[in-house]
Every structure is written in structure tokens, then in C-alpha cells.
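Peer 1: Provide a 3D model corresponding to the input given below.
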Amino acid sequence: MSEGTMQRRVQRDPRSPRAKRLARVLVCAVAVPLVAAGCSSDSGSDDGKDKGASASASQSASPSPTVRAAAYRTLPEPCEVLSEKTLDDLAPKAKPGKEGSSDDVSTRGSCSWNSLDNNGVKGSQFRWLNVSLLRFESDATRGAGDELAQEYYDKQVRDAQSAEGAKSVKAEPADGVGDEATAVRYELKKKEGTFKQQTVVARVENVVVTLDYNGAGLAGDKTPDADDLMKDARKAAGEAVASVTKANGTGAAASGSASASPSKPASKSPSSSASKSASKVSSKG
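Peer 2: As a prediction, this is how the structure comes out:
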């Protein structure tokens, strides 16, 4: 038997020392990747836990949203915002005011008065007056109360200028009424006569006051002067705003930066119904 053949037999013999060394080398070579793979898997698992814990800590550390607290927290009785003298001037011989329905009197209210002053064969003078109040709460998701009131104020002014059937529309600032105010006037032609409509929209802090006032000469009586009606309307609007401020006490306008809990969101269907009812009532008149 040749020497090369003997060497090959020795290498193939598992009992030989050389074969045993070769087996150990192969086992170690296979074991190293397994160990490395196991370490890599463990490391990934730990990283996942650390990231999760980090995200949780970050969320818990983030501050809760804050918003300015609303300055005014209540509304006056809507049928008591105007004095008897003012009512006598704007709606002489009117019956007691009719309060509008409200699901929350602390956030909305309205009152209206009808007046028909009969002058015998000369005809009669018709007057209709309506005051609506809407208060906005601060809400963490929607914004501060005064900002929400500002949005509604702008909408009320736009609605007044785009009233159906309105003719000769004019709008101007009403200085000295609340934080800001706009006076809108126009004419409505009806079969009973020409109705002179005056609307004053005012905002004071987080409350919007809308005063609608119209007049007409019926059965042959003369049409009232629009300037006189607007003068009375602006005076009444200022009185209604003062009633809102008074109802909230001294210092109510001092709004701070305190956080407001997500209180009841402001109503999405505010007293625009008062303006709609104004058209209906005036048409009935």
C-alpha cells in the first residue's frame, strides 16, 4: 500500500487525532455565526424596548394645550338689557318683550318688541326691535372665546349686508359701542310700505350683540327717517353692551392667560336665527 493511500485513510478515520482537530474547527466555525446572530437578535429587542420607553416618556412630558380664559361668563336677561325709556323711544306703546327660546341662557338669548302707533286717518307707524346675545366659551381645540366671537361678529356683519331683498345697503363703523361695532342700513320694499332696516352688530370681549330695528309708515303714514332710526339703534346697542358688561361684574374684562379646560364648544347654530326671525316678523308686520 502506498504512502499517499495511507495518509488519505488516516484523514478519513474519525478516530485519528487529525480528524478530531478538523471536527473541532468546523464546529467552532458554525457556532460563531449562531452566537453572533443571537447577540444581534437580543440587541434589537432591547433597542425596541428603549425606543418605546423613550416615546412614552416624551408623550407624558409634552404639555397639555392651553388657551386664554373667556372674560365674560354669563349674560343678562335679554328682555332687560334696555331701559323703559329706550323702549318707549324705539317702540312706543309696545307690549312686553317676547323672549326667544334658548337651550342655554348663559350662552345665548334674545328678546323682541312690536309696536304699532295708530294715527287714525293718517295711518300708523310700525316698529320692530330685536336684541340677540351670544357668548362664546374658550375651548382648547377651537380657540379663545374672544377669537370665536370675532369670527361670528364678522359673519353677522356680512349676513346683514347680504339680506334678501335689501336695497341701498350701507355699512359704517359704530364707534363707541363695545370693542368694535358695525352699523348696517338698507330698505325693504313690501306691499304694506317701505321698511327701513337698521342693524348694529357689536362685540365686547367674548360676547356678540346684534340689534335689529326697523320701521315703516303704514296705511298712508309717512316713511320714517333712516338717520333717526339709526341714531336710536346705535344708542340701544350701546345700552345692551353695557348691560352685558354689568352682568359680569367689575373687572370681568381682565382676561388672563390661564389655561381653560376643554369646556363646552361654542354653539354652531348661534343667534343668526334671530336675524332670520327679524325678516319674518317684519314681513308679518
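
Peer 1: Need phi/psi at P76.
Peer 2: phi -80, psi 170 (degrees, to the nearest 10).

Peer 1: Please name the nearest non-neighbouring residue to it.
Peer 2: In space, P76 comes closest to A247 once its chain neighbours are excluded; the distance is 3.9 Å by Cβ to Cβ, 6 or more residues apart in numbering. No exception for glycine: its C-beta is placed from N, CA and C like everyone else's.

Peer 1: quick one, helices of the stretch 101-250 of the chain?
Peer 2: With helices called from DSSP state H, counting those that start in this stretch, the stretch 101-250 of the chain shows them at 145-161, 226-247.

Peer 1: Just name whatever secondary elements the longest one is in contact with.
Peer 2: On a contact count with 3 or more Cβ pairs under 8 Å, 6 or more residues apart in numbering; DSSP states H and E, helix 226-247 meets helix 84-90, strand 124-135, strand 180-190, strand 193-204, strand 207-218.

Peer 1: can you pull the contacts of L148?
Peer 2: Listed by Cβ atoms under 8 Å, 6 or more residues apart in numbering, the contact set of L148 reads 136, 139, 142, 206, 266.

Peer 1: Pick out the most distant pair among those.
Peer 2: Greatest spatial distance in the contacts of L148: R142 and N206, 12.2 Å, computed using Cβ to Cβ.

Peer 1: So which of those two has more stuff around it?
Peer 2: Neighbour count, other Cβ atoms under 10 Å: between R142 and N206, N206 has more, with 27 against 16.

Peer 1: Look at the nearest residue to the more buried one once chain neighbours are set aside and say how many residues are nearby.
Peer 2: Closest residue in space to N206, ignoring its immediate chain neighbours: G145 at 3.3 Å, by Cβ to Cβ, 6+ apart. Neighbourhood size, G145 [other Cβ under 10 Å]: 27.

Peer 1: What of S124?
Peer 2: Residues lying near S124 (other Cβ under 10 Å) number 16.

Peer 1: how much space is there between it and E187?
Peer 2: 19 Å (Cβ to Cβ, to the nearest Å).

Peer 1: Check R68 too.
Peer 2: Separation of R68 from E187 (Cβ to Cβ): 41 Å.

Peer 1: cool, and Y153?
Peer 2: To E187, Y153 is 24 Å away according to Cβ to Cβ.

Peer 1: what about these two, which has more around it?
Peer 2: Y153 (25 against 18).

Peer 1: out of the helices of the stretch 101-250 of the chain, which comes closest to W128?
Peer 2: helix 226-247 (11.1 Å).
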